[in-house]
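[1] For reference, the sequence and a predicted model appear below.
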Amino acid sequence: MTFRRAAVAILLAASAASAAVAAPVPKDQLMQPPPDAQPYVIVSESNTHGREWRWKTADGAHAFRKSQDLRGWITEIDGKLRLDAAGKPVELEVRGVTDYGDAAEVFRVKDGTASWDSGADRGQAAAGDAFYLSRGGPSSMRGLFVERLLADDDGVMKLLPSGTARLTRGPKVRLDGKHGEVEAQLVFVEGLTAEPVPFWVDAAGRHFATLGWLGLFREGYEQHLPTLRKMQDEAMIAATGAIGARFLTEAARVPVVIDNVKMFDADAGRFVDGMSVMASGGKITAVAPTAAFTAPAEVRRIDGSGKTLVPGLWDSHKHFDNEYDLLANVATGMTSIRSPGNRPEDARRVQQRRAAGEIVAPEAFVAAIVDRNDPLSAQSAELVSSEAETLAAVRRIKDAGLWGVKFYTSMNPAWIAPAAAEAHRLGLRVLGHVPAGMRPLEAVQAGYDELTHINFVLMQAMPQSVVDVANTAARFEGPAEFARTVDLDSPAMKAFVAELAARKIWVDPTMVVFERSFNHDAPELGYSYAPYAGTLPVVFERSLAEGGYPLFGKVTRADMRESYAKIVQLVGRLHKAGVPIVAGTDGWGLELVREIEIYHQAGMSAAEALQTATINPARLVGVADRTGSIAVGKEADMVLVAGDVSSDLDALRRVVTVVSDGYVMDGDALRTAAGFSGMPR
């Protein structure tokens, strides 16, 4: 999960802010926690990634400090928050730098008027009794917000800039730790994102832990991450079952005909006008020109005039958090996903619940991450310290029923070939980041079936000084600095691309990651998110306004933009040479249509670009015989969208109807259930 900002990770950790100031406050000028500060530890299932501290200043303000190094992604920030007698913010400041730029944010209340500048938005409003929720700052700042919400009589609080937060209480558990026994309780806050956000508090109502993509624990209790994660997941499961029961009914699976529609034939790579498609019993039973098709008398009919029917979409790089996350993916037209890295237990749970008809979710094909036990190892990975342990990890992944093995950047290159051979013997696919010290061609020759992220493809042309430390921020900064100078027409690059094509090595570029990182200056809603403006919870929408990757060395933003343009050209060259490509986002999934649009910019036709999110991933995971295109006998996985996709790929965002395994679901109803307030523009 290199670039992914999971819900709690974005909203509760450092935000990607970049206010209009000359430069971020440097680390040595940030506040330093006193000896009596409350310490927190930032952890994952596989490693420790940083620390936070919380304390009261001499003048009564609440102070916070965060220091995190996530495999080279550096966050060094602080925050100071002053509350009035009623517990509402009257002054806030966040300073420092994150991996997406300057974290600067300010908020003030004067004469009853609140004003703020988060770097992404500025505004004023009557302060009233609302609580200003910052875009960023240390995660423990949100813990203070939860404490104030707990102290409120009804657990409901108005928010600034807008919105309302509502708190509900969940189960309790007693935990032993460094400072004695603690009774921890799970609470959920609704109104921040499209799903309830979980927090843990102690018996006194003080913030104890926050579990998202990473975990934030009161120091001395971080060993309880698995226990709290399990309880939190179970609470989410109970909530999402009721949503599934509303959509996955017998009535939703009656025979249906979509008439008079422009249909995308993914197998042939063409759009066909005036078609009728019938589904019954979860299968596609008829595909024919409307003029020549006679539907059964009592079948449900949907008029497709002015619309396009496409196969269910795939995000081929989608790390999922929970069932709410997956529900949102279906609401945006996804009926399948490929996850290049989720915990086996999460994969099993979601696959079993979906098969049982309990949840609205895409079908998930999941790989697990394997990395060397190292300070720079991947979070939530199977950690190994020898070739023998690597082979054992591969076998466990097979035993867990997963689809593939994803190797990561701290792996010992010498272990890749034997591990890949074992994975192939067991019928697993091999993919991943390219380990530090290896070039992508070497990884392919050692057994990779797929290269994940376009920056690792580009490692073939990077200086050795970058390749040798590609398990640090160099994996990002190297391409940002040097991609613009790469000669794609050099004999070496042509030979490399030709070998990828000859071997049929798949590439999952995740271009949206580099578009926003290399091109943005100040925080803004990029092309991926702008169409959703106004349809998302305000707190969530503000968090999506990201600045670009911080400038480093002598590299300018203009340099990064040139490098991005060269990377787009590389995608075009890969496609033209016959290298198979799948569309993945490494994000929320909201970015998928933008990923497809970038491929169109790179030289693919609209049909070719759409194939990367339909039939191509079905071929990649080995299920093209049953899904990935609209054809008689295949599973009824289809999406009806408003507009003509052949001339306007943006129409893919305007989901009218989703058909998944034959269940016909209304797009508006799905969006409402997933926390969206309307159809994107």
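    Arrived safely. Residues are numbered from 1 along each chain as shown.
[2] for the host helix or strand of Gln124, the distance to its chain's centre please.
    Using DSSP states H and E, Gln124 falls within strand 122-126. Its chain's C-alpha centre and that of strand 122-126 lie 30 Å apart, by C-alpha atoms, centre = their mean, to the nearest Å.
[3] which secondary structure elements does the helix ranked longest in the chain contact?
    Identified as the longest helix of the chain according to DSSP state H is helix 225-247. Judged by 3 or more C-beta pairs under 8 Å, 6 or more residues apart in numbering; DSSP states H and E, helix 225-247 is in contact with strand 164-175, strand 182-190, strand 197-201, strand 207-211, strand 215-218, helix 323-331, helix 344-355, helix 667-674. From N, CA and C alone the C-beta is placed, and that goes for glycine too.
[4] Only alpha carbons, please: show the second one as CSV.
    Only the C-alpha atoms of strand 182-190 are listed here, as CSV (Å, rounded to 0.1, in the frame of the first residue of the first chain):
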residue,chain,number,x,y,z
VAL,A,182,-7.1,-0.2,30.5
GLU,A,183,-10.7,-0.7,29.6
ALA,A,184,-10.9,0.3,26.0
GLN,A,185,-14.2,1.1,24.2
LEU,A,186,-14.8,1.3,20.5
VAL,A,187,-16.7,4.4,19.3
PHE,A,188,-17.8,5.4,15.8
VAL,A,189,-18.1,8.9,14.5
GLU,A,190,-20.5,9.4,11.5
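[5] what lines up beside that strand in the sheet?
    Strand pairing for strand 182-190, using DSSP bridges, gives strand 164-175 (antiparallel), strand 197-201 (antiparallel).
[6] Averaged pLDDT, the longest one. What do you get?
    Read it as strand 164-175. Mean pLDDT, computed over strand 164-175, is 95.
[7] hmm, back to that, now the helices and strands packed on helix 225-247 in JSON lines, with mean neighbour count and distance to Glu608?
    Below are those laid out as JSON lines (neighbours: other C-beta atoms under 10 Å; distance: least, C-beta to C-beta, whole Å):
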{"stretch": "strand 164-175", "mean neighbour count": "15", "distance to Glu608": "45"}
{"stretch": "strand 182-190", "mean neighbour count": "20", "distance to Glu608": "42"}
{"stretch": "strand 197-201", "mean neighbour count": "25", "distance to Glu608": "39"}
{"stretch": "strand 207-211", "mean neighbour count": "25", "distance to Glu608": "41"}
{"stretch": "strand 215-218", "mean neighbour count": "26", "distance to Glu608": "42"}
{"stretch": "helix 323-331", "mean neighbour count": "25", "distance to Glu608": "23"}
{"stretch": "helix 344-355", "mean neighbour count": "17", "distance to Glu608": "30"}
{"stretch": "helix 667-674", "mean neighbour count": "18", "distance to Glu608": "26"}
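[8] Tabulate these (TSV), appending distance to Asp468.
    Output for these, formatted as TSV (distance: least, C-beta to C-beta, whole Å):
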stretch	distance to Asp468
strand 164-175	42
strand 182-190	43
strand 197-201	40
strand 207-211	35
strand 215-218	31
helix 323-331	36
helix 344-355	32
helix 667-674	44
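[9] Quick check: which of those is nearest to Glu450?
    helix 344-355 (18.1 Å; C-beta to C-beta).
[10] what's the angle between the closest one and helix 323-331?
    Helix 344-355 and helix 323-331 are oriented at 50 degrees to each other (axes from the mean of the first three to the mean of the last three C-alpha atoms, to 10 degrees).
[11] Can you list the strands that the helix or strand following helix 344-355 pairs with?
    Per DSSP H and E, the first helix or strand lying C-terminal to helix 344-355 is strand 363-372. Strand 363-372 has the following sheet partners, assigned by DSSP bridges: strand 334-339 (parallel), strand 382-384 (parallel), strand 404-407 (parallel).
[12] Tell me the bridge partners for the closest residue to Pro89 other than its chain neighbours.
    Spatially, and ignoring its direct neighbours in sequence, Pro89 is nearest to Tyr132 (4.7 Å; C-beta to C-beta, 6 or more residues apart in numbering). For Tyr132, the beta-bridge partners are Leu160 (DSSP bridges).
[13] Looks like Lys56 contacts Ala63 (just checking).
    Yes. Counting by C-beta atoms under 8 Å, Lys56 touches Ala63, with 7.1 Å between them.
[14] who's more crowded, those two?
    Ala63 (21 against 13; other C-beta atoms under 10 Å).
[15] Identify the residues contacting Glu515.
    With contact set as C-beta atoms under 8 Å, 6 or more residues apart in numbering, Glu515 has these partners: Gly526, Tyr527, Ser528, Tyr564, Arg594, Ile598.
[16] What does the first one show for phi and psi?
    Its backbone dihedrals place Gly526 at phi -80, psi -180, with angles given as degrees, to the nearest 10.
[17] Please name the nearest non-neighbouring residue to it.
    Nearest residue to Gly526, sequence neighbours excluded (C-beta to C-beta, 6+ apart): Arg516, at 4.5 Å.
[18] same check, this time on the fifth one
    With sequence-adjacent residues excluded and distances taken as C-beta to C-beta, 6+ apart, Arg594 is closest to Ser528, at 4.1 Å.
[19] cool, and the fourth one?
    With sequence-adjacent residues excluded and distances taken as C-beta to C-beta, 6+ apart, Tyr564 is closest to Phe518, at 4.1 Å.
[20] Now do that neighbour, the pLDDT please.
    For Phe518, pLDDT reads 95.
[21] Number of residues surrounding it?
    Number of residues near Phe518 (other C-beta under 10 Å) recorded here: 23.
[22] ok, back up a step: can you list the residues that contact the strand holding Gln124?
    By C-beta under 8 Å, 6+ apart, strand 122-126 touches Gly112, Thr113, Ala114, Ser115, Trp116, Leu160, Pro161.
[23] TSV please, covering the residues you listed and showing distance to Thr585, pLDDT and secondary structure.
    Shown next, in TSV, are the contacts of strand 122-126 (distance: C-beta to C-beta, whole Å; pLDDT from 0 to 100; DSSP: H, G, I helix; E, B strand; the rest coil):
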residue	distance to Thr585	pLDDT	secondary structure
Gly112	43	94	coil
Thr113	40	96	strand
Ala114	35	96	strand
Ser115	35	97	strand
Trp116	30	95	strand
Leu160	30	92	strand
Pro161	27	89	coil
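[24] now, which of those residues sits nearest Gly96?
    Trp116 (17.7 Å).
[25] pretty sure that closest one is touching Phe107, no?
    Yes. Assessed by C-beta under 8 Å, Trp116 is found in contact with Phe107 at 4.4 Å.
[26] Overlap of the contact sets of the two?
    Common contacts of Trp116 and Phe107, defined by C-beta under 8 Å, 6+ apart, comprise Tyr132.
[27] Name the residue closest to the centre of the chain, please.
    Gly587 (2.5 Å; C-alpha atoms, centre = their mean).
[28] helix/strand/coil for it?
    For Gly587, the assignment made with DSSP: H, G, I helix; E, B strand; the rest coil gives coil.
[29] Look up phi and psi at it.
    According to degrees, to the nearest 10, Gly587 has phi -140, psi -140.
[30] How much space separates it from His49?
    Note on Gly587: its distance to His49, by C-beta to C-beta, to the nearest Å, is 20 Å.
[31] Where do the domain boundaries of this structure fall?
    15-240, 252-311+626-681, 433-604 (automatic domain parsing).
[32] Distance check, Leu228 against Leu81.
    In terms of C-beta to C-beta, Leu228 sits 26 Å off from Leu81.
[33] could you give the mean pLDDT of the strand holding Gln124?
    Here the average pLDDT along strand 122-126 is 93.
[34] Also stretch 620-635?
    The model assigns stretch 620-635 a mean pLDDT of 98.
[35] who's in contact with that stretch?
    Residues from elsewhere that reach stretch 620-635 (C-beta under 8 Å, 6+ apart): 263-267, 277, 282-287, 309-312, 314, 316, 335-336, 338, 363, 365, 403, 429, 450, 506, 580, 582, 614-619, 637-638, 661-662.
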